[in-house]
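Engineer: 3D, please:
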Amino acid sequence: RKKYQGTWNHILVDEFQDTNPAQMEILQLLVGDPNGKKSSFWICGDDWQAIYSFAGASVGNILTFKDQFPESSQFILKLNYRSTPQILKACMNLIKRNVKKIEKTLNTENPQGEEPVVLDAANEEEEATVIANEIMDLLARKRFRHKDIGILYRANFQSRAIEDAFAQQKIPYHIENGMNFYQRREVKILLDYLAVINNPSSQEGDEALKSIMNIPNRYIGRKFISEVEDFSIRKDVHLWDGLKSMPIEIPYLKQNVRVFTGLLKPLIKDSPKMNPAEVIHILRESLNYDAYITEDDVPSPDDSKIANINELQMVANKFDDIKSLLKYAETFNEELSNDENGVSLMSIHKSKGLEFPAVFLIGMVEGILPNKQADIEEERRVCFVGMSRAMKLLYLTYSHTSAGKKAKRSSFLDEIMDHHDLS
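Structural biologist: Residues are numbered from 1 along each chain as shown. Have a look, this model is predicted:
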């Protein structure tokens, strides 16, 4: 302890609201020089933006800092340089409902702007269409650029409906630190299974089969797949036909391949008479797929990967056959969905530290924002972070149904618009 106390005489910690209890203890040990040299300890943070408890962070570190260091001085930086007074007021309306917080009143010298806009729709698809239409209006009438606009959501599965609407209206976009919905691993695997089922004896079927042959794990390695490819080339057949007819010496491989082909054969035969969503349901059950992607024997229905494949299954319900679904998924090309100058799509957590002239905070329904499993005060902070990314325009959107079920609009909307008295 003495060694390190003497090494660093001045300590500065940024984003202090994101520290965890162990880090707090380390800092307490480091502060102060045993040799009596002049030292300082500075922290910078915002308790209103403490949103990482899932990663072990404790908002209590910053809330109790004065108690831990009673001789410390506190400087509150109240001037906001980003948002209009109207957006700032909406943010304050929300966060003032929290009990555990450092009291402060934010203000700005920015010019007056427009009031936040609340948009509602019948379902997620209509919500996405409303947002796409509003964006087209911002581009045409208000001279916004695509990159001036951010779409923020509480959970990653919510991007799917937005991506669908953007594809239909040819709105370029990119997903911050992520990939488009139909390229996410848990979704892509199911699409590859569908590609094999739809047309096993084809070039597309060959590529898809290679990617799913060992998913879930069947102890099928690259060497075996290469052997099947070589056998198929020699026999001048597609990979599926080669896999079914190639002699296999190793008993466990022979058994695993038999089970694999046994699963797919009836689906290949019957799929023309089946809805794609029905095929996905059978695959999820037969492969114990939910447990595989979550690495959990009892997968949580709230898991983000489960939410993604639930979204895929919901989309699949709209198509009469697998071919149509696959063709639709292929329309989400890299040029449209990975345009750095396009509209930004990201989770609220990913948006922290960023800003956009126009922000759409979507999916504001009970159970999503606020998340039904999270602490309500942290959920307010999450919402606050999302709203405070907006510089000039803020849209808050929700739908009356979510995942095919009736949804209740977020209680945060009434708090933001200050419809309820604090008492």
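Engineer: Pull out the buried positions in stretch 16-25.
Structural biologist: Residues 16-19, 23-24 are the ones in stretch 16-25 that count as buried (16 or more other Cβ atoms under 10 Å). Bear in mind the C-beta positions are built from the backbone N, C-alpha and C, glycine included.
Engineer: swap in stretch 403-410?
Structural biologist: 407, 409-410.
Engineer: Tell me who's in contact with the nearest residue in space to V31 that is not next to it in sequence.
Structural biologist: Distances taken as Cβ to Cβ, 6 or more residues apart in numbering put F41 closest to V31, at 4.8 Å, once the chain neighbours are dropped. If a contact means Cβ atoms under 8 Å, 6 or more residues apart in numbering, then F41 has 10-11, 27, 31, 69, 72 as its contacts.
Engineer: Would you mind listing which of the residues you listed are buried?
Structural biologist: Buried among the contacts of F41 by 16+ other Cβ under 10 Å: L27.
Engineer: Which of the contacts of F41 sits closest to L194?
Structural biologist: L27 (52.6 Å; Cβ to Cβ).
Engineer: helix or strand for the closest residue in space to K210 that isn't next to it in sequence, which one?
Structural biologist: Sequence neighbours aside, I225 is the residue nearest to K210 in space, at 5.9 Å (criterion: Cβ to Cβ, 6+ apart). Assigned by DSSP states H and E, I225 belongs to helix 222-235.
Engineer: Show me what the helix or strand just after that helix is packed up against.
Structural biologist: As assigned by DSSP H and E, the chain's next helix or strand after helix 222-235 is helix 239-245. Applying 3 or more Cβ pairs under 8 Å, 6 or more residues apart in numbering; DSSP states H and E, we find helix 239-245 packed against helix 203-212, helix 222-235, helix 251-270.
Engineer: Return the set of buried residues in helix 239-245.
Structural biologist: Applying 16+ other Cβ under 10 Å to helix 239-245 flags 239-243 as buried.
Engineer: now those residues in TSV, with pLDDT?
Structural biologist: Formatted as TSV, the buried residues of helix 239-245 follow (pLDDT from 0 to 100):
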residue	pLDDT
L239	96
W240	97
D241	96
G242	96
L243	96
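Engineer: Return the closest of those residues with respect to N80.
Structural biologist: Using Cβ to Cβ, the buried residues of helix 239-245 come closest to N80 at L239, 59.3 Å.
Engineer: how near is S201 to A208?
Structural biologist: When distance is defined by Cβ to Cβ, to the nearest Å, S201 is 12 Å away from A208.
Engineer: Would you mind telling me which of the two has the busier surroundings?
Structural biologist: Using other Cβ atoms under 10 Å, the more surrounded residue of S201 and A208 is A208, with 26 against 13.
Engineer: Just list the residues touching the more buried one, thanks.
Structural biologist: Applying Cβ under 8 Å, 6+ apart, the residues contacting A208 are 191-193, 195-196.
Engineer: Extract the residue ranges of the chain that are flagged as low pLDDT.
Structural biologist: 1, 32-38, 177-178, 333-336, 419-423 (pLDDT under 70).
Engineer: one more time with 90
Structural biologist: 1-10, 27-40, 71, 176-180, 296-304, 330-340, 372-373, 403-404, 418-423 (pLDDT under 90).
Engineer: Strands along that one, start to end?
Structural biologist: Under the criterion DSSP state E, the chain contains strands at 10-13, 40-43, 79-80, 107-108, 117-121, 149-153, 173-175, 343-347, 356-361, 390-399, 401-402, 405-406.
Engineer: for these, which one ends up most surrounded?
Structural biologist: Most buried of the strands of the chain by mean neighbour count (mean count of other Cβ atoms under 10 Å) is strand 149-153; its value is a mean of 26.
Engineer: Export the helices and strands packed on helix 239-245 as a markdown table, with columns for distance to A165.
Structural biologist: Supplementary listing: the helices and strands packed on helix 239-245 in a markdown table, determined by distance: least, Cβ to Cβ, whole Å:
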| stretch | distance to A165 |
| --- | --- |
| helix 203-212 | 27 |
| helix 222-235 | 38 |
| helix 251-270 | 31 |
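Engineer: Go through the buried residues of stretch 16-25 and flag which are in helices.
Structural biologist: 23-24 (DSSP state H).
Engineer: and which of the buried residues of stretch 16-25 is nearest to G342?
Structural biologist: D18 (29.3 Å).
Engineer: what about the residue nearest to K210, distance to T261?
Structural biologist: 14 Å.
Engineer: Name the residue in these two with the higher neighbour count.
Structural biologist: I225 (17 against 14).
Engineer: Enumerate every residue touching that one.
Structural biologist: Contacts of I225 (Cβ under 8 Å, 6+ apart): 210, 213-214.
Engineer: Neighbour-wise, give me the winner out of the residues you listed.
Structural biologist: M213 (20 neighbours).
Engineer: picking that back up, of the helices and strands packed on helix 239-245, which approaches V382 most closely?
Structural biologist: Using Cβ to Cβ, those put helix 203-212 closest to V382, at 35.5 Å.
Engineer: buried ones in that closest one?
Structural biologist: Quick answer for helix 203-212 (16+ other Cβ under 10 Å): 205-206, 208-212.
Engineer: what angle separates that helix from helix 251-270?
Structural biologist: Computed by axes from the mean of the first three to the mean of the last three Cα atoms, to 10 degrees, the angle separating helix 203-212 from helix 251-270 equals 140 degrees.
Engineer: what angle do helix 203-212 and helix 222-235 make?
Structural biologist: Using the same axes, to 10 degrees: helix 203-212 against helix 222-235 is 160 degrees.
Engineer: chain center to helix 203-212, what's the gap?
Structural biologist: The chain centroid and the centroid of helix 203-212 are separated by 28 Å under Cα atoms, centre = their mean, to the nearest Å.
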